[in-house]
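Trainee: The following comprises the amino acid sequence and a computationally predicted model.
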Amino acid sequence: MLFEDLLKDTAARFVGRIRRPSREIAGKWATYWGVESDPTSSPTARVTTTTIMTFDLQRLRSRVTGTDTERSAAGITASLKDETFLTGTWYDHTGERYQWGSFQLWWSPNGQGLIGKFTGKDSRNHINHGIWLWARKEHDLLKLADMASERGYQFDDLDAFKEGIRIALQQSSAN
């Protein structure tokens with residue numbers, strides 16, 4: 001990481017909590033992702049995610065950083081372009097499967113959701129990719145899955161993806 005990037009990330013973490021533009025990306029977001037299976041995906045990555053992870057984002061100008069609220073073992077560093085596209089890198093040290101990767105998310109006009117794609121390297125050097133949803137409220141993740149499908153995002157099986165969200169919601173409310 002460049003020293004300049006380190007300074008921007010640090011400033012975004014602290015100053016970003018103070019600045020609040022009218023359409024604010026800073027704050028808590030519930031996230032859910034699903035790996036698309038193809039011949040190059042690792043067999044372990046083809047299992048549907050059943051976890052909702054909450055990220056707390058901070059913003060300074062176009063720079064956005066954030067970490068998961070539970071363990072701080074996963075996070076993002078990104079840039080927000082034209083108040084519409086969040087593009088950056090992510091890391092996850094909570095398990096063996098994914099360690100780091102890149103992503104691009106489209107921020108819906110109502111500001112309540114982000115929809116996009118990610119790619120990442122797993123611990124067995126397989127490159128995996130899929131759809132990543134971010135919502136202000138966990139229960140809006142199901143609506144975002146439908147919105148993603150309507151916008152042309154390809155799902156292996158939309159119903160299975162949404163069932164994974166339902167399972168994750170049940171597990172989340174049980175905790």
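Mentor: Ah, there it is. Numbers count the residues shown, from 1 in each chain.

Trainee: In the chain, mark out all the strands, start to finish.
Mentor: 27-35, 53-60, 63-68, 74-81, 85-92, 98-107, 113-122, 127-135 (DSSP state E).

Trainee: got the angle for the second one vs strand 63-68?
Mentor: Meaning strand 53-60. If you take axes from the mean of the first three to the mean of the last three C-alpha atoms, to 10 degrees, strand 53-60 sits at 150 degrees to strand 63-68.

Trainee: C-alpha coordinates for strand 53-60, PDB please?
Mentor: The C-alpha coordinates for strand 53-60 follow below in PDB (Å, rounded to 0.1, in the frame of the first residue of the first chain):
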ATOM      1  CA  MET A  53     -22.000  -9.500   7.100                       C
ATOM      2  CA  THR A  54     -22.500  -5.900   8.300                       C
ATOM      3  CA  PHE A  55     -20.000  -3.300   7.300                       C
ATOM      4  CA  ASP A  56     -19.500   0.100   8.800                       C
ATOM      5  CA  LEU A  57     -18.400   2.500   6.100                       C
ATOM      6  CA  GLN A  58     -16.700   5.900   6.500                       C
ATOM      7  CA  ARG A  59     -16.200   8.400   3.700                       C
ATOM      8  CA  LEU A  60     -13.900  11.300   3.000                       C
END
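
Trainee: Please state the offset of it from the chain centre?
Mentor: Taking the mean of its C-alpha atoms, strand 53-60 sits 10 Å from the chain's own mean (C-alpha atoms, centre = their mean, to the nearest Å).

Trainee: List the neighbouring strands of that strand plus their orientation.
Mentor: Each strand pairing with strand 53-60, determined using DSSP bridges, is listed with its direction: strand 27-35 (antiparallel), strand 63-68 (antiparallel).

Trainee: Tabulate the strands of the chain (a markdown table), appending distance to Asp159 and mean pLDDT.
Mentor: (Each C-beta comes from the backbone N, C-alpha and C, glycine too.) Shown next, in a markdown table, are the strands of the chain (distance: least, C-beta to C-beta, whole Å; pLDDT from 0 to 100):
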| stretch | distance to Asp159 | mean pLDDT |
| --- | --- | --- |
| strand 27-35 | 12 | 92 |
| strand 53-60 | 22 | 96 |
| strand 63-68 | 27 | 97 |
| strand 74-81 | 27 | 96 |
| strand 85-92 | 26 | 95 |
| strand 98-107 | 23 | 90 |
| strand 113-122 | 18 | 91 |
| strand 127-135 | 14 | 90 |
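
Trainee: Pipe these into CSV and attach mean neighbour count and distance to Lys162 per row.
Mentor: Converted to CSV, the strands of the chain look like this (neighbours: other C-beta atoms under 10 Å; distance: least, C-beta to C-beta, whole Å):
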stretch, mean neighbour count, distance to Lys162
strand 27-35, 21, 10
strand 53-60, 20, 18
strand 63-68, 21, 23
strand 74-81, 18, 23
strand 85-92, 18, 23
strand 98-107, 18, 19
strand 113-122, 19, 14
strand 127-135, 22, 11
